[in-house]
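Q: sequence and computational prediction follow.
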Amino acid sequence: MRNVAGRRMMLNGTEIYVEESGTGETWVVFESGGGASRTLWDRVVPLLGDIAHTVAYDRAGRGRSGRPAEPQTIDDMAATLVALVQAVATGQVILVGHSMGGLIVRRAAETLSPAGLVLIDPTPEAAPNYDNWEPTAKKTDRILAAQQALSHVPPLMRILTSSYGRKFPADSYATMLAEDFTPAGLTTTRHEIAAVAAAIDEFRRRPPEPPKSGVIVISAMHAARYQARNLDLMREYQRRYAEQVGAQYEDAVSEHIIPAEQPEQVADAIRRLVNA
């Protein structure tokens, strides 16, 4: 998978690294969750090459993309996604977002009016556990700061990120270690967590317009130990969002990184929207 050729494009003042593959009249554009780059989709993209033109990219500050002048907000990230789609897509577009990426694609969809959305364990901003999320965000930042200090020692990062090594192909995991689990990559991850914290109130005050196309929400049934406390709340409010916008809702026998644990389910959801 990691032999996919990429190209760099100047979008909204930052050089963005983009990988494209597959054929078809439909363009499927992937938006990764916080802390993740294009490699998140390495187990999904090969399953779609016969039906769609796929686009995976690194957000500003991630992977092989350039560093933005200032930390990005969720709206900044959505604006870059809009610019990317407008620059590359020549047919109907399906947006696929994981976790924080769900916020980004929902905001971008207001401008793009895509043919469909697939939201994979998306961040449900209405969930009560986000009512006072600032302490959690600060705790997460402290953990990431500690990881950042340890990232100068590659063997330690392999231990800390070993779960990714079990879930992804070896070449994908090697790329993550070289690009995401680095001092610079973890700096961007810290900025992204802060962006989510700032976006919660904004999305509650000004929620994205309901999509005018088909939507599929895929919800993780399991959680890592540190996420388990809020699992039921997150799933309930993902379900409520699906009901609110008339989306299809389905469970995934997976923890949060569904694209790695259940790539066939993700690809099947995308195929259903392509065929629709």
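A: Perfect, thanks for sending it. Residues are numbered from 1 along each chain as shown.

Q: which sections of this structure are below the confidence cut-off?
A: Across the chain, residues meeting the criterion (pLDDT under 70) sit at 1.

Q: mind listing the strands in it by residue range?
A: 6-11, 14-21, 27-31, 53-57, 93-98, 116-120, 214-220, 248-252 (DSSP state E).

Q: contacts for the last one?
A: Residues outside strand 248-252 that contact it (C-beta atoms under 8 Å, 6 or more residues apart in numbering): 120-121, 214-221, 238-239, 242-243, 258, 261-262, 265, 269. C-betas here are computed from N, CA, C, even on glycine.

Q: now with 7 Å, please.
A: Ile216, Val217, Ile218, Ser219, Ala220, Met221, Arg239, Ala242, Ile258, Gln262, Gln265 (C-beta atoms under 7 Å, 6 or more residues apart in numbering).

Q: the fifth one now?
A: Contacting residues not belonging to strand 93-98 are listed as 26-33, 40, 85, 104-105, 108-109, 112, 114-122, 259, 270, 273-274 [C-beta under 7 Å, 6+ apart].

Q: rewinding a little: now mean neighbour count and distance to Ala149 too, for the strands of the chain, in TSV please.
A: Converted to TSV, the strands of the chain look like this (neighbours: other C-beta atoms under 10 Å; distance: least, C-beta to C-beta, whole Å):
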stretch	mean neighbour count	distance to Ala149
strand 6-11	14	30
strand 14-21	19	27
strand 27-31	28	29
strand 53-57	25	29
strand 93-98	28	27
strand 116-120	27	31
strand 214-220	23	30
strand 248-252	15	34
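
Q: next, format these as JSON lines and append distance to Ala197.
A: Compiled in JSON lines, these are given as follows (distance: least, C-beta to C-beta, whole Å):
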{"stretch": "strand 6-11", "distance to Ala197": "25"}
{"stretch": "strand 14-21", "distance to Ala197": "22"}
{"stretch": "strand 27-31", "distance to Ala197": "19"}
{"stretch": "strand 53-57", "distance to Ala197": "24"}
{"stretch": "strand 93-98", "distance to Ala197": "18"}
{"stretch": "strand 116-120", "distance to Ala197": "20"}
{"stretch": "strand 214-220", "distance to Ala197": "21"}
{"stretch": "strand 248-252", "distance to Ala197": "26"}
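
Q: which one of the contacts of strand 248-252 is nearest Arg158?
A: Ile258 (23.3 Å; C-beta to C-beta).

Q: and the residue minimising distance to the centre of the chain, what does it touch?
A: Nearest to the geometric centre of the chain sits Ser32, at 2.1 Å (C-alpha atoms, centre = their mean). Contacts for Ser32 (C-beta under 7 Å, 6+ apart) come out as Arg38, Leu40, His98, Gly101.

Q: between the residues you listed, which is closest to Arg62?
A: Comparing the contacts of Ser32 against Arg62 with C-beta to C-beta places Arg38 closest, at 8.3 Å.

Q: now the closest one. Nearest residue, chain neighbours left out?
A: Leaving aside its sequence neighbours, Arg38 sits nearest to Ala56 (C-beta to C-beta, 6 or more residues apart in numbering; 4.0 Å).

Q: list the buried residues of stretch 70-83.
A: Across stretch 70-83, burial judged by 16 or more other C-beta atoms under 10 Å covers 71-83.

Q: now for those: which two are most distant?
A: Longest distance between any two of the buried residues of stretch 70-83 is 19.0 Å, between Pro71 and Val82; criterion C-beta to C-beta.

Q: pretty sure Ala83 contacts Thr14?
A: No - Ala83 is beyond contact range of Thr14, at 9.9 Å (criterion: C-beta atoms under 7 Å).

Q: hmm, who's touching stretch 210-226?
A: For stretch 210-226, using C-beta under 7 Å, 6+ apart, the contacting residues are 109, 113-122, 231, 235, 238-239, 241-242, 245, 247-256, 258, 265-266, 269, 273, 276.

Q: returning to what we had before: tabulate the contacts of strand 248-252 in a markdown table, adding columns for distance to Leu48.
A: Conversion of the contacts of strand 248-252 to a markdown table gives the following (distance: C-beta to C-beta, whole Å):
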| residue | distance to Leu48 |
| --- | --- |
| Ile216 | 14 |
| Val217 | 19 |
| Ile218 | 15 |
| Ser219 | 21 |
| Ala220 | 21 |
| Met221 | 24 |
| Arg239 | 26 |
| Ala242 | 23 |
| Ile258 | 15 |
| Gln262 | 15 |
| Gln265 | 13 |
